[in-house]
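Trainee: with the sequence up front, the predicted model follows.
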Amino acid sequence: MAYQIECAYTCHMGNVRANNEDNFWCFGESLPINNEGTDGVYSKIISGSRVPAMAVFDGMGGESCGEVAAFLASEEFGRFYNTNKRMLRDMPEEFIDGACKRMNQAVCKYGTENHIRSMGSTMAMVLFTPESMFACNLGDSRIYLMDEGRIRQVSTDHVLDRRTIGKAPLTQYLGLPEDLQMLEPSVAEIEHKEGYRYLLCSDGVTDMLSDGEIEEILSEDTGLSEIVSLLLKKALQKGGRDNVTIILCEVQKLDAGRRLRTWMKSLKEKK
């Protein structure tokens, strides 16, 4: 189906952390290594013919290694995406495999060159092809699908043991040395349906809010930007103990009139 993706996104340091180890890549937008999040909630609309992509990264490691890992991952993802859009359109599985390997290599290379033993980043990304959406993740940053007022998690939490006291160690993440452990991202494919909403978020959301609370907020009869703002507000009210990154997108029928107006505007600007 001819479709477009509307998207709203934000990144916040939270109430406790002195630095921001989160990052994202959304329609070409991302954050620098040293940042304090975004200035509010941003939104965009893009045609499905442009194979939209977006991702959330949550860095790990002391001595500022977390924000470096998340930045390197977002930077490498953008570089790979910009040079391999045709692969994403025609061979999405190969694109996912290549993107994950390149991001992992970028983080590992930095750690090796700077003699850093422990650094890494989670990754949760969604990729839109003409026929379907591919969800892919490493670590515990999550992806939810919302349809007809109900949410379900379409990502996999790569954690050692949910019963562990405290934060469970991750079993998969960007920054895994390839000679020690195989990188095994979780991948799901979902056919397009008008009205499907996808939420990508770091654990700054899911550690503060239950799935039921997230579902209730996503069910609000309002715009995507307002819902993202409410998710952030609730996560901060519940403690905000970690950095918070949220991307919410919706599959919509292509607005041909809007597309024509945008094209005409671009022609005028070129003149």
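Mentor: Right, received. Where do you want to start?

Trainee: when you work out contacts or count neighbours from here on, use the C-alpha atoms and nothing else.
Mentor: Noted.

Trainee: who are the packing partners of whatever helix or strand M133 lives in?
Mentor: Element membership for M133 (DSSP states H and E) is strand 132-138. The contact analysis (3 or more CA pairs under 8 Å, 6 or more residues apart in numbering; DSSP states H and E) places strand 132-138 against strand 120-128, strand 186-191.

Trainee: any idea how far the nearest residue to V16 once chain neighbours are set aside is from T10?
Mentor: For V16, ignoring the flanking residues on the chain, the nearest one in space by CA to CA, 6 or more residues apart in numbering is R241 at 5.3 Å. In this view, R241 and T10 are 17 Å apart by CA to CA, to the nearest Å.

Trainee: quick one, which of the two is more surrounded?
Mentor: Taking other CA atoms under 10 Å, R241 and T10 do not tie; T10 has more neighbours (23 against 18).

Trainee: confirm R79 sits in a helix?
Mentor: Yes. Under DSSP: H, G, I helix; E, B strand; the rest coil, R79 sits within a helix.

Trainee: what about V187, how many residues nearby?
Mentor: 18.

Trainee: and it, what does it touch?
Mentor: Going by CA atoms under 8 Å, 6 or more residues apart in numbering, V187 touches F134, A135, C136, N137, S155.

Trainee: and the helix or strand containing V228, which residues are buried?
Mentor: Applying DSSP H and E as the criterion places V228 in helix 224-237. By neighbour count on 16 or more other CA atoms under 10 Å, the buried set for helix 224-237 is L224, S225, E226, I227, V228, S229, L230, L231, L232, K234, A235, L236.

Trainee: hang on, the earlier thing: can you tell me what sits against the helix or strand just after the strand holding M133?
Mentor: With elements assigned by DSSP H and E, the helix or strand that comes after strand 132-138 is strand 142-147. Strand 142-147 has contacts (CA under 8 Å, 6+ apart) with 124-125, 135, 151-157, 195-203, 215, 218.

Trainee: where do the helices of the stretch 1-150 of the chain begin and end?
Mentor: 65-83, 85-90, 92-113 (DSSP state H, counting those that start in this stretch).

Trainee: hey, which of these is tucked in deepest?
Mentor: Compared across the helices of the stretch 1-150 of the chain, helix 65-83 shows the largest average neighbour count, a mean of 24 (mean count of other CA atoms under 10 Å).

Trainee: would you mind putting the CA coordinates of that helix into PDB?
Mentor: Provided in PDB are the C-alpha atoms of helix 65-83 (Å, rounded to 0.1, in the frame of the first residue of the first chain):
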ATOM      1  CA  CYS A  65      31.900   5.300  27.400                       C
ATOM      2  CA  GLY A  66      28.100   4.900  27.300                       C
ATOM      3  CA  GLU A  67      27.500   8.100  25.400                       C
ATOM      4  CA  VAL A  68      30.400   7.400  23.100                       C
ATOM      5  CA  ALA A  69      29.000   3.900  22.300                       C
ATOM      6  CA  ALA A  70      25.500   5.200  21.600                       C
ATOM      7  CA  PHE A  71      26.900   8.000  19.400                       C
ATOM      8  CA  LEU A  72      29.100   5.600  17.400                       C
ATOM      9  CA  ALA A  73      26.200   3.300  16.900                       C
ATOM     10  CA  SER A  74      23.900   6.000  15.700                       C
ATOM     11  CA  GLU A  75      26.600   7.500  13.500                       C
ATOM     12  CA  GLU A  76      27.400   4.200  11.900                       C
ATOM     13  CA  PHE A  77      23.800   3.300  11.400                       C
ATOM     14  CA  GLY A  78      23.200   6.600   9.600                       C
ATOM     15  CA  ARG A  79      26.200   6.100   7.400                       C
ATOM     16  CA  PHE A  80      25.200   2.500   6.500                       C
ATOM     17  CA  TYR A  81      21.600   3.500   5.900                       C
ATOM     18  CA  ASN A  82      22.500   6.400   3.600                       C
ATOM     19  CA  THR A  83      24.700   4.200   1.400                       C
END
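
Trainee: that helix packs against which elements?
Mentor: Using 3+ CA pairs under 8 Å, 6+ apart: helix 65-83 touches strand 22-26, strand 53-60, helix 92-113, strand 120-128.

Trainee: give me the number of residues near A2?
Mentor: Neighbours around A2, by other CA under 10 Å: 14.

Trainee: I figured it hits G48, correct?
Mentor: Yes. In this structure A2 lies within contact range of G48 using CA atoms under 8 Å: 7.0 Å.
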